[in-house]
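Visitor: sequence first, predicted model second:
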Amino acid sequence: MAFELAPAFVPTSHAVCDLPLCHVRLQADARYSWLVLIPRAEGLVEIEDLAPGPRAQLMDELVRAGAAVRAIGAALGRPVEKLNVGQLGNVTPQLHVHVVGRRADDPAWPGPVWGVPGAEAFAPDALQRSLAAARKALG
């Protein structure tokens, strides 16, 4: 079977690019600089489902995504103060990892971003700046 993106990602995120292992998406919530990495392999649910080589590749891509999240924050004039990385999958079981840029003035600080109501859509120009910054940082 070929990789298929879980349908739940489409209305909640924007495609950024593909890295060697992961499809990268920008979370559709302008309150945070937030990328989601989804390994492009069928049937993955947990990180332990990846063989050691792809697992190491995922870590490399997470580090690159952290730099991209910081670039998004800078492009929006909201520098990232702390990176949060999480792999939950309680709602969407397809293996995916969140890389979220946090600031002391964000709506969820200091708690987790999950479950905080009030997602804000990106203004068109902010969305384009965010996507461009992420793509440039991810090279």
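Guide: Structure's in. What do you need? What you see is a predicted model; the values in this text were computed from it and never measured.

Visitor: and stretch 39-47, end to end?
Guide: Separation of the first and last residues of stretch 39-47 by CA to CA, to the nearest Å is 10 Å.

Visitor: for stretch 24-35, same thing?
Guide: 7 Å.

Visitor: tell me the gap between it and the middle of its chain.
Guide: On the basis of CA atoms, centre = their mean, to the nearest Å, stretch 24-35 sits 6 Å off its chain's mean C-alpha point.

Visitor: kindly provide the whole-number mean pLDDT of that stretch.
Guide: With pLDDT averaged residue by residue, stretch 24-35 scores 98.

Visitor: whichever helix in the chain runs longest packs against which elements?
Guide: Using DSSP state H, we find that the single longest helix of the chain is helix 52-75. Applying 3 or more CB pairs under 8 Å, 6 or more residues apart in numbering; DSSP states H and E, one finds that helix 52-75 contacts strand 22-27, strand 33-39, strand 82-86, strand 97-102, helix 124-138. Quick note: C-beta positions are derived from backbone N, CA and C, even for glycine.

Visitor: OK, contacts around I47?
Guide: Neighbour list for I47: R55, L58, Q87, L95, V97 [criterion: CB atoms under 8 Å, 6 or more residues apart in numbering].

Visitor: please apply the same query to G118.
Guide: Applying CB under 8 Å, 6+ apart, the residues contacting G118 are R31, P107.
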